[in-house]
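*Asks:* below: sequence and its predicted model.
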Amino acid sequence: MNKVYSIITMITLLLFCTPSTAQKIVTGKTVTMKDIARYVEIHNISNYTKTLSDEEGNFKLRMSLNDSIAFSAPLYEKMVLKINTKHLEEDLLIIQLKEKTNHLNEIILETKIQPKEFDIDAINRELKTLAAKDLKNNPDKYIKKEELIKDGINLLGLIEFTAKLFRKKDTSKKTDIPIVSLKFEDFKWLLDNDEAISISFLTHELNLPKDQIPSFLYYLEDKKIVLNRGAVFKIIDEMVIAAKEFNGSKEN
């Protein structure tokens, strides 16, 4: 008889003591104050899964308690939601996004000599040549060999090569050089590969809670930090300033 009671007790525990990490497919809808938010990218940062809301704003995505879910689209401001128990219990999770307000700068038209066409293929060829030479002379600046094979060259090495390349050009002639700013994925790459910029740096030096790091990376993306010479030090300076603003906004 005692054995039967033990079995019943075990079954009861299994039924009612569900772990907090259990995943659930959540059904939701993306909207604005006035309309449906269509074709919004929904990214579960915690388990690296993505989906897209349809024409009616409907979506389904696997989520767990405390997951960080990012919502982004060209017409709407980015939003990062931390999943709680109430979200998981909703029959339909409604996500309300804010529409972006676009401000156009004043445009002044002037008559200028047409600049020469920017030959990106020639730039890439010269860039690869410089990369190969610099890799041979300074191998310590680059990541592991398998990463070099996969990605071509190191992100930070690329910045220095680009700077060298354009210094060779005649500075008296104006050339439109594309401006590249760091994205969420770039900051995540730096956290995984750069010794100076790490999780420990964010939590101890910048005083960021670990569960707020994904939101902070999206905040950095919106700051449009531009790649340039001395990139690591410049990025660290920008991150320190941004962290103070980010922490200040959380306190208000």
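*Replies:* Now that the structure is in, tell me what you want to look at. Residues are numbered from 1 along each chain as shown.

*Asks:* contacts and neighbour counts: CA atoms only from here.
*Replies:* OK.

*Asks:* least confident secondary structure element in the chain?
*Replies:* helix 145-151 (a mean of 41; mean pLDDT, DSSP states H and E).

*Asks:* per-domain residue ranges of this protein.
*Replies:* Annotated domains of the chain cover 20-96, 184-251 [automatic domain parsing].

*Asks:* point out where the stretch 51-200 of the chain drops to low pLDDT.
*Replies:* Across the stretch 51-200 of the chain, residues meeting the criterion (pLDDT under 70) sit at 102-128, 130-132, 134-136, 138-179.

*Asks:* quick one: the helices in it?
*Replies:* 85-89, 120-137, 145-151, 155-167, 184-193, 199-200 (DSSP state H, counting those that start in this stretch).

*Asks:* wait, isn't residue 84 in contact with residue 69?
*Replies:* No. Residue 84 lies out of contact with residue 69 (CA atoms under 8 Å); the separation is 11.2 Å.

*Asks:* the more surrounded of those two?
*Replies:* residue 69 (23 against 13; other CA atoms under 10 Å).

*Asks:* so that one bridges to which residues?
*Replies:* residue 44, residue 81 (DSSP bridges).

*Asks:* against residue 40, how distant is it?
*Replies:* From residue 69 across to residue 40, the span is 12 Å (CA to CA, to the nearest Å).

*Asks:* neighbours of the residue nearest to residue 208 when sequence neighbours are not counted, how many?
*Replies:* Once flanking residues are discounted, residue 208 sits nearest to residue 202: 5.8 Å by CA to CA, 6 or more residues apart in numbering. When neighbours are counted by other CA under 10 Å, residue 202 registers 19.

*Asks:* do you know the pLDDT at residue 202?
*Replies:* What the model reports as pLDDT for residue 202 is 87.

*Asks:* so it sits against residue 211, correct?
*Replies:* No. Using CA under 8 Å, residue 202 is not in contact with residue 211, being 11.2 Å away.

*Asks:* circling back: so which of the domains of the chain is nearest residue 129?
*Replies:* domain 184-251 (19.0 Å; CA to CA).

*Asks:* enumerate every residue touching residue 225.
*Replies:* Residue 225 makes contact with 181, 182, 235, 238 under the criterion CA atoms under 8 Å, 6 or more residues apart in numbering.

*Asks:* buried among the residues you listed? Make that a PyMOL selection.
*Replies:* In PyMOL, this line selects whichever of the contacts of residue 225 come out buried by 16 or more other CA atoms under 10 Å:
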select buried, resi 182+235+238
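
*Asks:* CSV for the contacts of residue 225, including distance to residue 191?
*Replies:* CSV is the format used below for these (distance: CA to CA, whole Å):
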residue, distance to residue 191
181, 17
182, 13
235, 12
238, 15
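
*Asks:* ok, so of the contacts of residue 225, who is nearest residue 206?
*Replies:* For the contacts of residue 225, the nearest to residue 206 is residue 238 (11.5 Å; CA to CA).

*Asks:* thanks a lot, catch you later.
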